[in-house]
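**Q** How does the following fold in three dimensions:
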Amino acid sequence: MAEAIESILSQTLADFEFIIIDDGSTDHSVEIIESYRDSRISLIRNGANLGLSESLNKGFGLARGEYVARMDSDDVSLPERLTRQVAFMEAHAEIGICGTWVEIIGEPAGHVWRYPTAPDVINCMHLFGPALAHPSVMMRREMLAKFGTLYDTSFKRAQDFELWVRASEYTSLANIGEVQLHYRRHDQQVVHKEEQLVFAGKVRLLQLYKLGIIPSPEEFKIHQSISQWRFEVDRGFLENTEKWFSKLIDTNKRVKVFSETTFSEVLCDRWFEVCDALTELGPWTLKKFFLSPLSCKVKLSWRRRVAFFLNCLLFRRRG
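**A** Down below sits the predicted model:
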């Protein structure tokens, strides 16, 4: 926690209020917070454990600044984070929520999550999952107050995903294409993975309903698997994925919920990712990919194209 606090106090943008909410901690968190003598810090102690959604809503209710940024107690903001985000929001009045790329610390460390930066791509990516890193976001407080958009307390998990999708109905979302946060991975995230899948699934269903699609149990199972990168090494799975993506693209062409061009590109890119993960099926996957209409908008570097080709052939040889 000390590292997280110090990363905020050492920001190059120094004019801010620092609201820290202690949600019923039983460790030495409060002692650590109280050890800092900085007038910008306001420690708020919940009388009982309220959970993340209610604690965040409480923090937003107390905030007075034009912008509200958030971060978890085990993450680290880079020194320029607030400066960069405020400058971006000042230059882009249409953006209501702004995130950044993040670098993973903990186990495994060093990987960078490069989220999409363009609002229309973000909207399309939300069909599968959150396209902003929750601890990295900055939001316009006036926007939250005007539309009454806070975290839905019925969502124990995926509350950020639900908020992003709901907020995108009246504002644009963007990411700054540079790392401004170090995000810590830990075992507790794995413990809640199945619960996360359930709540995130509810948000995905709302997106599908917006398209006018009520998926069958089989279709939704495919969609959940694709969203969670849980692929079955099976020809039937890949064939069903192709049918499902084609249905999504054809439906959006009719109802025009998402940008038609961007939506097709996002789905086609995801089609390649699924095929690339199933190279164990050998040359059949290679043939399936290149013969599918979904492949026409996939933009692959020659290195990735060659790697995909070779991986399919190598699995044939191993078999």
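**Q** Sketch out the low-pLDDT regions of this structure for me.
**A** Within the chain, the stretches with pLDDT under 70 are 109, 186-192, 316-319.
**Q** Kindly recompute the last result at 80.
**A** Regions of the chain meeting the criterion pLDDT under 80 cover residues 24-26, 106-110, 147-149, 186-193, 315-319.
**Q** tell me the domain boundaries of it?
**A** The domain map for the chain lists 62-190, 212-318, with the assignment taken from automatic domain parsing.
**Q** which one of those domains lies closest to residue 8?
**A** With respect to residue 8, and counting by CB to CB, the nearest of the domains of the chain is domain 62-190 at 5.9 Å. C-beta: built from backbone N, CA, C; applies to glycine.
**Q** Excluding covalently adjacent residues, which one is nearest to residue 161?
**A** The spatial neighbour of residue 161 that comes closest, neighbours along the chain excluded (CB to CB, 6 or more residues apart in numbering), is residue 130 at 4.1 Å.
**Q** what's in contact with the longest helix seen in the chain?
**A** Longest helix of the chain, by residue count under DSSP state H: helix 235-255. Helix 235-255 is touched from outside by 127, 211-213, 218-219, 222-223, 225-226, 231, 258, 260, 263-264, 267-268, 270-271, 274-275, 278, 281, 284-285, 288, 292-294, with contacts defined as CB atoms under 8 Å, 6 or more residues apart in numbering.
**Q** Only alpha carbons, please: show the following helix or strand past it as CSV.
**A** For helix 235-255, the succeeding helix or strand toward the C-terminus, using DSSP states H and E, is helix 260-277. Coordinates of the C-alpha atoms in helix 260-277 are reproduced here as CSV (Å, rounded to 0.1, in the frame of the first residue of the first chain):
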residue,chain,number,x,y,z
GLU,A,260,-20.1,-1.4,-39.4
THR,A,261,-16.5,-1.3,-40.6
THR,A,262,-15.0,-1.3,-37.1
PHE,A,263,-17.3,-4.0,-35.9
SER,A,264,-16.3,-6.3,-38.8
GLU,A,265,-12.6,-5.6,-38.3
VAL,A,266,-12.9,-6.4,-34.6
LEU,A,267,-14.7,-9.7,-35.2
CYS,A,268,-12.4,-10.7,-38.0
ASP,A,269,-9.3,-10.0,-35.9
ARG,A,270,-10.9,-12.1,-33.1
TRP,A,271,-11.5,-14.9,-35.7
PHE,A,272,-7.8,-15.0,-36.4
GLU,A,273,-7.0,-15.2,-32.7
VAL,A,274,-9.3,-18.2,-32.3
CYS,A,275,-7.7,-19.9,-35.3
ASP,A,276,-4.2,-19.1,-34.1
ALA,A,277,-5.0,-20.7,-30.8
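**Q** Perfect, I'm done here.
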